[in-house]
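Student: Quick one: sequence and predicted model below, then my questions.
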Amino acid sequence: MSPWSVAGADLDAQMHIGLHVPGVWHAWDTGVQEAHTRLWLADDGATSWAGVGYDGRQMSTFAVAQYGPRRLWDEVARAHEEYVSAGRPGIEGHRLRIAPDGRGTHHEARRA
């Protein structure tokens, strides 16, 4: 899967993934020695990371490296598959409920 499909211009996809993969941030790195561009994912606890590299030549295969107890790229890929299966809902197609005590949340997406 292309890193741009999860962290590119599709803000609806980014929001959906962010709700399903909590506590993770992403950053882009260009001009990396062994890859033309790389998407970095890391968790807030600094225990897990993933890097997805684009070599600047082809768009069908991307090098993925993951480390730590969370397999962040796998989590992001699953969340993106759920987003596509739900019909790529826009921001208005999501509902987020927060428990009265603030300790729990529930998220659901409606089909577009």
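Tutor: Thanks, I have the structure now. Numbers count the residues shown, from 1 in each chain.
Student: For Val21, list the residues it contacts.
Tutor: Leu72, Glu75, Val76, Ala79 (CB atoms under 8 Å, 6 or more residues apart in numbering). Where you see a C-beta, it was placed from the backbone N, CA and C, and this is true even at glycine.
Student: Are we agreed that Gly53 is in a strand?
Tutor: Yes. Applying DSSP: H, G, I helix; E, B strand; the rest coil, one finds Gly53 inside a strand.
Student: doesn't Phe62 make contact with it?
Tutor: Yes. Gly53 lies in contact with Phe62 (CB atoms under 8 Å); the separation is 6.2 Å.
Student: Name the residues of stretch 60-80 that come out as buried.
Tutor: Of the residues in stretch 60-80, Phe62, Val64, Gln66, Arg70, Leu72, Trp73, Glu75, Val76, Ala77, Ala79, His80 count as buried by neighbour count, 16 or more other CB atoms under 10 Å.
Student: coming back round to it: now the contacts of Val21 as CSV including distance to Thr37?
Tutor: CSV is the format used below for the contacts of Val21 (distance: CB to CB, whole Å):
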residue, distance to Thr37
Leu72, 18
Glu75, 21
Val76, 17
Ala79, 21
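Student: just those now: which is nearest Ala9?
Tutor: Val76 (16.3 Å; CB to CB).
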